[in-house]
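# A structural model of the following input is requested.
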Amino acid sequence: MLPKENMLRAIRRDHPAWVPCGAEATFTIEPPLLERPYSAGYDVFGVHWTFEAQAEGGTYPTPTTPVITDLRRWRDQVAIPDVAGADWSNVAAAIAALDRDQVLVQGFVHMGLFERSYLLLGMEEALVNYALEPDLMSDLLGALADYKIAVITTFHEVAHLDMVWYGDDWGTQDRLFLSPSLWRRVIKPHTQRIYDCMKARGILINQHSCGRIEAIFGDVVEMGADMWNPCQPCNDLARLKRTYGDRIAFFGGLDSQFVLGCPGTTPDDVRREVRRRINEMAPGGGYIAAPSHDVPYDPDLLWAMRDEIDGYGRAFYRGAA
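The predicted structure follows:
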């Protein structure tokens, strides 16, 4: 079985031959509209980012005057990027060079509705306005969702996407940023429209959301997500697998915080973590093993992780684990 077919079987819970190690046989590509610069500068919405080599991802939003200074005037202050006018030629050229029999093409669509709203307003103002002005926030998110739908529609026309990595971080270490009821009122309806756009085109939905999102995970499954990453262990992953594992796949879960990225961790610790997570998450398919977040890891630990996934992850479905 080719890695592409095995990856699809893992996502669809259809008797994979082995537990994939990360995004096997997957080519991930970004649209030309830059929502997070790789160096200091502005994104397509006019938000300024600062570069620092030690920062996660290298860049973070600069804490200066936000784009939206008055939520009631957001239509005057936000310029929605021109999707049709962007230059998609590099995407088309990259896709044309691929062997589609060997790889899944995954579009990378990040800075989802919640993230983009706090980038435009600043985190404190966004949280206050979600609580005090949910209807105005819903209006803003409606326009942002229209933009995301336009990006995904054009992206698919150019690249014939198999899957979209759609990112929107909804959780902190121990809870949601918003109450579940407020998330359902403001975030969910517009995210559902984005999901519907992908579903209508046969695109698999790989929902990224960091943090503890257990309180709304059933909603995410109901909405139609095909996969969730990065499965941070602040969630009860075993329970989520038992409850929803027949409807969604899990990508990640190997503990970055207290194992892979923790001082003093040994390769044997990593191997135990890999086995524990595969035993929890892989029964019935639906599991892709990977770290629960990206941080600088010791190369020896990465090698132990990869080697254990490759060995134990292959033996698991043969009944030899």
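# residue ranges of the strands in the stretch 151-300 of the chain, please?
Counting by DSSP state E, counting those that start in this stretch, one finds strands in the stretch 151-300 of the chain at the ranges 163-167, 204-208, 227-229, 249-254, 287-291.
# And the contacts of the shortest one?
It refers to strand 227-229. Under the contact criterion C-beta atoms under 8 Å, 6 or more residues apart in numbering, strand 227-229 has outside partners 11, 165, 204-209, 217, 220, 248-252, 288, 290. Bear in mind the C-beta positions are built from the backbone N, C-alpha and C, glycine included.
# likewise stretch 304-317?
Here stretch 304-317 makes contact (C-beta under 8 Å, 6+ apart) with 15-21, 254, 260, 267-268, 270-271, 274-275, 278-279, 282, 289, 291, 321.
# For that stretch, buried residues please.
Of the residues in stretch 304-317, 304-306, 308-309, 311-313, 316-317 count as buried by neighbour count, 16 or more other C-beta atoms under 10 Å.
# Among those residues, which lie within helices?
304-306, 308-309, 311-313, 316-317 (DSSP state H).
# Show me what the residue positioned nearest the centre of the chain bridges to in the sheet.
Nearest to the mean C-alpha position of the chain, counting by C-alpha atoms, centre = their mean, stands His208 at 2.0 Å. Following DSSP bridges, His208 is listed with bridge partners Gly167, Asn229.
# re earlier: right, and the strands of the stretch 151-300 of the chain - which one's nearest Asn6?
Asn6 lies closest to strand 287-291 among these, at 10.1 Å (C-beta to C-beta).
# helices and strands around the closest one, which ones?
helix 3-12, strand 249-254, helix 267-281, helix 299-318 (3 or more C-beta pairs under 8 Å, 6 or more residues apart in numbering; DSSP states H and E).
# and that strand, average pLDDT?
Mean per-residue pLDDT for strand 287-291: 98.
# Can you report how many residues lie near Leu8?
18 (other C-beta atoms under 10 Å).
# My read is that it contacts Leu104, right?
Yes. If you go by C-beta atoms under 8 Å, Leu8 and Leu104 touch, sitting 7.1 Å apart.
# which of the residues in the helix or strand harbouring Asn129 are buried?
Using DSSP states H and E, Asn129 sits in helix 123-132. Using 16+ other C-beta under 10 Å as the test for burial, helix 123-132 gives 125-127, 129-130.
# Name the nearest of those relative to Val158.
Closest to Val158, out of all of the buried residues of helix 123-132 and judged by C-beta to C-beta, is Ala126, at 31.8 Å.
# so the closest one makes contact with Ser117?
Yes. Using C-beta under 8 Å, Ala126 makes contact with Ser117 at a distance of 5.2 Å.
# Mutual contacts of the two, please.
With C-beta under 8 Å, 6+ apart as the test, Ala126 and Ser117 both reach Met137.
# Show me what counts as buried in stretch 269-277.
Judged by neighbour count (16+ other C-beta under 10 Å), stretch 269-277 contains these buried residues: 269-271, 273-275, 277.
# likewise stretch 192-209?
Counting neighbours by 16+ other C-beta under 10 Å, one finds that the buried residues in stretch 192-209 are 192-195, 197-198, 203-209.
# again, but for stretch 246-254
So for stretch 246-254, counting by 16+ other C-beta under 10 Å, buried means 248-254.
# now stretch 231-243
So, applying 16+ other C-beta under 10 Å, buried residues of stretch 231-243: 231-235, 237-238, 240-241.
# again, but for stretch 55-65
Residues of stretch 55-65 classed as buried: 58-59, 61 (neighbour count, 16+ other C-beta under 10 Å).
# Sort out for me which of the residues you listed are in strands.
59, 61 (DSSP state E).
# Output the buried residues of stretch 55-65 as a markdown table; include the columns distance to Gly224 and pLDDT.
Listed next are the buried residues of stretch 55-65 as a markdown table, based on distance: C-beta to C-beta, whole Å; pLDDT from 0 to 100:
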| residue | distance to Gly224 | pLDDT |
| --- | --- | --- |
| Gly58 | 33 | 85 |
| Thr59 | 31 | 88 |
| Pro61 | 30 | 89 |
